[in-house]
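1. Coordinates for the following, if possible.
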Amino acid sequence: MSDSNAINRQRLFWGICIALLPTAFSFVLVSNILNQLKTGFILTNAQVGYIGGAALWGMAVSLLTIGPFLEKIGFRKSAIGAFLCHLSGVTLFLAAAPFEGEPFAFWILFMGAIGFGAGNGLIEVTGNPMVAALFPNNKTTKLNHFHAFFPGGMVFGGLLGWVMTQTGMIGGVNIGHWTLQIAIIYIPIFIYGAMILPEKFPKTETAEAGIPTGEMVRYTLTHPLVWGLIVLKMITLSMEMGPSRWIPEVLQAAGVHGILVFAWISGLMMVLRIFAAPFVEKFSPPGMLFGASVLTGAGLLMFALFETEVVQMMIAATVFGCGVAFYFPTMVGLMSERFPKAGSLGIVLLIGIGFVAAGGSNAIMGEIADGYLPDGLNEERTVSVFERVEERFPEYVETAEAASIEELAELGYREVDVENALNRTQAALEYYRTNNEFDGTLTGNALRAIVESGVNQEQELITDASQVLRPADNYGGRMAFLWIGPLGFVVAVVFLVIYLNDRKKGGYKAEQLKK
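-> Next comes the predicted model:
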């Protein structure tokens, strides 16, 4: 469907929706192959973590460095930039394959992950304001439709990666190999490139209305309500992404397959966003956000109070999933509809600063969880695990230190990993022996380092460490949810006030820019 200016709105919209799939696929498939990368490239746990986090860093960089200049560069150039970053990032990542075992290969993987992370960020930069520009009278609903493709892609990509890994060899080809899993990301990249790059793009809303960039910047940076909404976004995105990072681990520690619950939550988010229109019409964005906040807070408290019952966990996951489903797109819609003069800058600041806060929330929840972790430990078993590591791991450190690159591949572990496990264990034991109690952070880090050390000869010890850590992580994580959950009700009060104030004035009204 084209308008009088030859802008094919539907093609651009569906194309930019498909452009979210590389983001979803990269998140879930990179996580799925980290163990293969660690073994094949002989990476340390820290290097594996850097590769896993690089996609987020690349996303943040492109959001906050390119996003503020979208009014100058326009949708077309930012979409081309996203396509090129996605294409070059995946290609560079795959280019590391011939260099398995070489120390410099880590940097190829890392830069590749940064590249497609930058593409992910540029799609956010392009997609959110472009959807608002394409559908100025239906922003919130269409933004929910747009963002349905991220959780949908997470579910589809995750299941696809799992099936490929489980299937293994077909006709002499290992379809679960990391190169084939990453190569899948090419498919949505080429599809969205073919759909949108040949098309004519609209102008940004502020450009179409003739608002100078300087005026937009002054308005955005000085309007207190714009910044109030950004603060709310920091809280809501932290409540969505912080707990989402911990939920699978907490459930796994309780004996529930965390990835299945994560898939269920993502599926709920996708379905609710697809069918967002009735909610927008009946409740308005502030009303939706009020309900979302109540459900999110209630879901987190359920996770905190329930322990191991599968049915209870699924109820908590359902309530939480229904709550966070509307948070991200509806907040973007509210910014665009209430403060259209803030333009793309308002949207980019809303998302970019929100992601920064969400990253911080992970650290805060980790600190809370580790603070409560000692209360869930079996003291005798924990000390036994630490003493065995203290006795045996010095030998593994010496063996790895003297090994060649070829021998390291056979060993399956690196000097830095076993040394890290030994050092952290000694620090945790020293604190315990001095104070006759465990320090949560030292103990948790030591147990995780032991589990991730990769010493095949110590599988029994690693299993014991995992069994000690799981109930403690479960308890600590649930206590973190207990602290974070009430924020949902605090934010709900704010959205309720906005909703009631709108009703007092005759109902919710989206502001329109005039040319």
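
2. in the stretch 51-200 of the chain, what spans have low per-residue confidence?
-> For the stretch 51-200 of the chain, applying pLDDT under 70 flags no range at all.

3. Next: the chain.
-> Where the chain drops to pLDDT under 70, the residues are 1-5, 45, 245-246, 249-250, 252-259, 307-308, 405-409, 515.

4. can you give me the strands in it?
-> Using DSSP state E, the strands found in the chain span residues 169-170, 173-174.

5. and Ala317, how many neighbours?
-> For Ala317, the neighbour count with other Cβ atoms under 10 Å is 23. Quick note: C-beta positions are derived from backbone N, CA and C, even for glycine.

6. And Asn378, by the same measure?
-> Applying other Cβ under 10 Å, I find that Asn378 has 13 neighbouring residues.

7. Hmm, Arg470 and it touching each other?
-> No: Asn378 is not in contact with Arg470 according to Cβ atoms under 8 Å; the separation is 10.7 Å.

8. Dump the strands of the chain into a markdown table; add mean neighbour count as well.
-> Below are the strands of the chain laid out as a markdown table (neighbours: other Cβ atoms under 10 Å):
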| stretch | mean neighbour count |
| --- | --- |
| strand 169-170 | 10 |
| strand 173-174 | 12 |
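
9. Among those, which comes closest to Gly52?
-> strand 173-174 (22.0 Å; Cβ to Cβ).

10. Name the nearest residue to Arg392, ignoring sequence neighbours.
-> Computed as Cβ to Cβ, 6 or more residues apart in numbering, the closest residue to Arg392 that is not its neighbour in sequence is Glu458, at 6.9 Å.

11. Please report how far that neighbour lies from Val48.
-> 19 Å (Cβ to Cβ, to the nearest Å).

12. any idea how far Phe110 is from Leu197?
-> Using Cβ to Cβ, Leu197 is found at 28 Å from Phe110.

13. Between those two, which is the more surrounded one?
-> The neighbour count for Leu197 versus Phe110, taken as other Cβ under 10 Å, is higher for Phe110 (19 against 13).

14. so how far is Phe355 from the more buried one?
-> Taken as Cβ to Cβ, the span from Phe110 to Phe355 is 20 Å.

15. what's the answer for Ile315, then?
-> For Ile315 relative to Phe355 (Cβ to Cβ), the value is 29 Å.

16. Please say which of these two ends up with more neighbours.
-> For Ile315 versus Phe355, neighbours defined as other Cβ under 10 Å are more numerous around Phe355 (22 against 14).

17. which ones are touching the residue nearest in space to the middle of the chain?
-> Nearest to the geometric centre of the chain sits Met241, at 6.3 Å (Cα atoms, centre = their mean). Contact partners of Met241, counting by Cβ atoms under 8 Å, 6 or more residues apart in numbering, are Phe355, Ala358, Ser361, Asn362.

18. Now, of those, which are buried?
-> Phe355, Ala358, Ser361, Asn362 (16 or more other Cβ atoms under 10 Å).

19. Quick one: neighbours of the closest residue to Gln457 other than its chain neighbours, just the number.
-> Residue nearest to Gln457 in three dimensions, not counting chain neighbours: Tyr396, with 7.9 Å by Cβ to Cβ, 6+ apart. Counted with other Cβ under 10 Å, the neighbours of Tyr396 add up to 23.

20. The nearest residue to Phe489 once chain neighbours are set aside: what's it in contact with?
-> Leaving aside its chain neighbours, Phe489 sits nearest to Gly297 (4.7 Å; criterion: Cβ to Cβ, 6+ apart). When contacts are counted by Cβ under 8 Å, 6+ apart, Gly297 touches Met239, Gly323, Gly485, Pro486, Leu487, Gly488, Phe489, Ala492.

21. mind checking how far the nearest residue to the fourth one once chain neighbours are set aside is from Val155?
-> The shortest distance from Pro486 to any residue other than its chain neighbours is 6.4 Å, reached at Gly297 (Cβ to Cβ, 6+ apart). As defined by Cβ to Cβ, Gly297 lies at a distance of 25 Å from Val155.

22. before we move on, what about Gly321?
-> 12 Å.

23. ok, the two, which is more surrounded?
-> Neighbours per residue (other Cβ under 10 Å) separate Gly321 from Val155, with Gly321 holding more: 26 against 20.

24. list the contacts for the more buried one?
-> Trp264, Ile265, Ser266, Leu268, Met269, Gly299.

25. and those residues, which of them are in helices?
-> Among the contacts of Gly321, DSSP state H puts Trp264, Ile265, Ser266, Leu268, Met269, Gly299 in helices.

26. Mind checking which of the residues you listed are buried?
-> Buried residues within the ones in helices among the contacts of Gly321, counting neighbours by 16+ other Cβ under 10 Å: Ile265, Ser266, Leu268, Met269, Gly299.

27. From what I see, the second one and His147 are in contact.
-> Spelled out, it's Ser266. No: the pair Ser266 / His147 is not scored as a contact, 11.8 Å apart, by Cβ under 8 Å.

28. ok, so of the contacts of Gly321, who is nearest Gly161?
-> Within these, distances to Gly161 taken as Cβ to Cβ reach their minimum at Ser266, with 13.8 Å.

29. Grab the nearest non-local neighbour of the closest one.
-> Counting by Cβ to Cβ, 6+ apart, the residue nearest Ser266 is Pro151, at 3.9 Å.

30. Based on its surroundings, how many neighbours for the one you found?
-> Using other Cβ under 10 Å, Pro151 is surrounded by 26 other residues.

31. same question, Leu300
-> 29.

32. Spit out the residues that contact Gly321 and Val155 alike.
-> By Cβ under 8 Å, 6+ apart, the residues touching both Gly321 and Val155 are Ser266.

33. Let me know the closest of the contacts of Met241 to Gln512.
-> For the contacts of Met241, the residue nearest Gln512 by Cβ to Cβ is Phe355; the value is 28.9 Å.

34. Trp57 is in contact with the closest one, correct?
-> No: counting by Cβ under 8 Å, Phe355 does not reach Trp57; the two are 10.5 Å apart.

35. and the contacts of Met241 as a markdown table, adding distance to Tyr432?
-> Listed next are the contacts of Met241 as a markdown table, based on distance: Cβ to Cβ, whole Å:
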| residue | distance to Tyr432 |
| --- | --- |
| Phe355 | 38 |
| Ala358 | 34 |
| Ser361 | 30 |
| Asn362 | 27 |
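
36. Grab the nearest non-local neighbour of Phe13.
-> Using Cβ to Cβ, 6+ apart, the closest residue to Phe13 is Leu134 (5.8 Å).

37. Could you do Arg478 as well?
-> Nearest non-adjacent residue to Arg478, counting by Cβ to Cβ, 6+ apart: Ala304, 4.7 Å away.
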